[in-house]
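*Asks:* 3D, please:
(one chain, ligands or ions: 1)
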Amino acid sequence: MLTFFSGGTGTPKLLMGMKRLLPPEDICVIANTGEDLVQSGVHISPDIDSVVYALAGIIDRDKWYGQRGDTYRTNDALSRLGHDELLRLGDKDRATKIYRTMLLGSGMTLSDATKRICEALGVKEKVYPMSNDKVRTIVRRGQEDLTFNEYWVRDRASGHVDEIVYSGSDHASLPQDAIYDIECSDAIIIGPSNPITSIGPILSIKDAKYFCKEKYTIAVSPIIGSSPLSGPAGRLMNDLGHEVSPLGVANLYDGLIDAIVIDTKDEAYEAILEDRGIKVLRTDIAMKDLYKSKALGRNILDFLVIN
Ligand code: GDP
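*Replies:* Below you'll find the model as predicted:
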């Protein structure tokens with residue numbers, strides 16, 4: 001079994017490839033919940049839903065959130081009533097969130113609610129929230145404390161970010177059944193997700209860090225050259241004083257990874273990383289389509305067999 005640490009875009013792309021290479025019982029995913037929020041009365045877990053929709057084969061692959069072919073009638077109707085939502089939810093996507101809110105309201109944990117949603121959507125892989133405890137990513141910009149979506153969706157990543165805080169992580173733990181599956185895993189794959197806002201919150205939970213040190217852990221770079229493939233990772237890394245490169249990513253995972261997957265074009269970093277004792281797999285890491293996701297998945301599996 002392999003455990004993946006995931007955000008909502010890069011790692012779900014990889015999971016779509018891995019799904020075609022491994023049986024479902026061999027895939028365990030720990031999804032970031034630092035961006036969870038309540039909007040229009042429903043509990044949104046953006047990264048859990050992207051993982052689940054990707055594995056169910058229903059994700060909107062243009063936006064990498066929500067369901068393919070969804071409609072926006074409720075969102076439009078809410079706007080007409082004078083309530084503009086920060087996140088534009090599709091109708092079918094909203095149904096998932098309503099169902100989650102009902103399950104949580106009945107006393108279920110987020111991991112049990114996630115399991116129920118997976119069953120309903122035919123997802124057989126194991127998907128867990130990083131914690132059933134509340135951990136929230138706070139973007140500190142000057143005197144302001146923002147949620148990730150206020151920073152990214154509302155403010156379009158404007159202004160200089162001074163600090164990122166994972167509020168609540170000191171007292172948070174991984175869900176118990178996730179711990180069991182990680183213990184049974186042959187390796188941990190830190191997926192190609194934003195190291196600051198998607199992977200950072202997961203690693204802020206001490207059990208997650210512990211398992212990275214205990215297990216063979218390989219990270220996939222979300223950065224090629226000096227640019228991320230999407231999202232604010234480059235901006236945030238730069239604001240927080242980290243080099244925006246595969247080396248910068250490896251530095252953020254210092255002491256936690258045995259190996260890193262970098263792009264073919266990033267030959268310049270290979271020797272530096274290997275000098276630091278980090279094994280390198282250099283291959284095509286831009287997953288433009290399913291074929292590329294599967295090819296990357298296969299290369300990682302072959303690398304893991306040898307190492
Ligand atoms: P979020 O929750 O939507 O922010 O999603 P993630 O954190 O999972 O994904 C965003 C990160 O994925 C960005 O830093 C991108 O650079 C990275 N990413 C997106 N597509 C790809 C891809 O095809 N290959 C790789 N290596 N990284 C990608």
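*Asks:* which residues of the stretch 1-150 of the chain fall in helices?
*Replies:* Under the criterion DSSP state H, counting those that start in this stretch, the stretch 1-150 of the chain contains helices at 10-18, 46-56, 73-80, 91-105, 110-120, 148-149.
*Asks:* Give me the contacts around the second one.
*Replies:* If I follow you right, that is helix 46-56. By C-beta atoms under 8 Å, 6 or more residues apart in numbering, the residues outside helix 46-56 that reach it are 6-9, 11-13, 15-16, 19, 29, 31-33, 35-36, 59-60, 64-67, 87, 93, 96-97, 110, 114, 117-118, 121-123, 125, 127, 129, 198. From N, CA and C alone the C-beta is placed, and that goes for glycine too.
*Asks:* re earlier: which stretch in the helices of the stretch 1-150 of the chain has the least confidence?
*Replies:* In terms of mean pLDDT, the lowest-scoring of these is helix 148-149 (a mean of 95).
*Asks:* That one near the ligand at all?
*Replies:* No: Helix 148-149 lies apart from the ligand when judged by C-beta under 6 Å from any ligand atom; the minimum separation is 8.2 Å.
*Asks:* residues from this protein in reach of the ligand?
*Replies:* Taking C-beta under 6 Å from any ligand atom as the criterion, the contact residues of the chain with the ligand come out as 7-11, 13, 47, 192-194, 198, 220-222, 228-231, 233, 285-287.
*Asks:* In strands, which of those fall?
*Replies:* Using DSSP state E to define strands, the subset of the residues of the chain next to the ligand located there is 220, 228.
*Asks:* Can you select the buried ones among the residues of the chain next to the ligand for me in PyMOL?
*Replies:* Of these, the buried ones can be selected in PyMOL as follows, counting by 16 or more other C-beta atoms under 10 Å:
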select buried, resi 7+8+9+10+11+13+47+192+193+194+198+220+221+222+228+229+231+233+285+287
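*Asks:* Which strands border the host helix or strand of Ile164, and is each parallel or antiparallel?
*Replies:* The secondary structure element spanning Ile164 is strand 163-167 (assigned by DSSP states H and E). According to DSSP bridges, strand 163-167 has the following sheet partners: strand 136-141 (antiparallel).
*Asks:* Any buried residues in the partner strand, and which?
*Replies:* Along strand 136-141, these residues count as buried under the neighbour rule (16+ other C-beta under 10 Å): 136-139, 141.
*Asks:* Quick check: Val261 is in a helix.
*Replies:* No: using DSSP: H, G, I helix; E, B strand; the rest coil, the secondary structure at Val261 is strand, not a helix.
*Asks:* re the thing from before, for the helices of the stretch 1-150 of the chain, give me a markdown table that also has distance to Val165.
*Replies:* Listed next are the helices of the stretch 1-150 of the chain as a markdown table, based on distance: least, C-beta to C-beta, whole Å:
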| stretch | distance to Val165 |
| --- | --- |
| helix 10-18 | 23 |
| helix 46-56 | 18 |
| helix 73-80 | 30 |
| helix 91-105 | 24 |
| helix 110-120 | 21 |
| helix 148-149 | 11 |
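*Asks:* and of those, who's closest to Ile164?
*Replies:* Between Ile164 and the helices of the stretch 1-150 of the chain, the shortest gap by C-beta to C-beta is with helix 148-149, which sits at 8.9 Å.
*Asks:* Run through who's touching the closest one.
*Replies:* If you take C-beta under 8 Å, 6+ apart as the criterion, helix 148-149 is touched by 34-35, 37, 86-87, 137, 139, 197.
*Asks:* 6 Å instead?
*Replies:* Taking contacts as C-beta atoms under 6 Å, 6 or more residues apart in numbering, the residues outside helix 148-149 that touch it are 35, 86, 137, 197.
*Asks:* residues contacting the second one?
*Replies:* Same thing as Leu86. Leu86 touches 149, 153-154, counting by C-beta under 6 Å, 6+ apart.
*Asks:* Which pLDDT value goes with it?
*Replies:* If you check Leu86, the pLDDT there is 95.
*Asks:* gap between the two ends of stretch 9-25?
*Replies:* As for stretch 9-25, its first-to-last residue distance stands at 22 Å under the measure C-alpha to C-alpha, to the nearest Å.
*Asks:* To clarify, my last question referred to stretch 134-147.
*Replies:* One end of stretch 134-147 sits 14 Å from the other (C-alpha to C-alpha).
*Asks:* Just checking the distance from that stretch to the centre of its chain.
*Replies:* In this view, stretch 134-147 has its centroid 18 Å away from the chain centroid, taken as C-alpha atoms, centre = their mean, to the nearest Å.
*Asks:* Now do it, average pLDDT.
*Replies:* The average pLDDT for stretch 134-147 rounds to 98.
*Asks:* quick one: the residue positioned nearest the centre of the chain from Leu15, how far?
*Replies:* Residue closest to the mean C-alpha point of the chain, counted by C-alpha atoms, centre = their mean, is Gly7 at 1.0 Å. As defined by C-beta to C-beta, to the nearest Å, Gly7 lies at a distance of 11 Å from Leu15.
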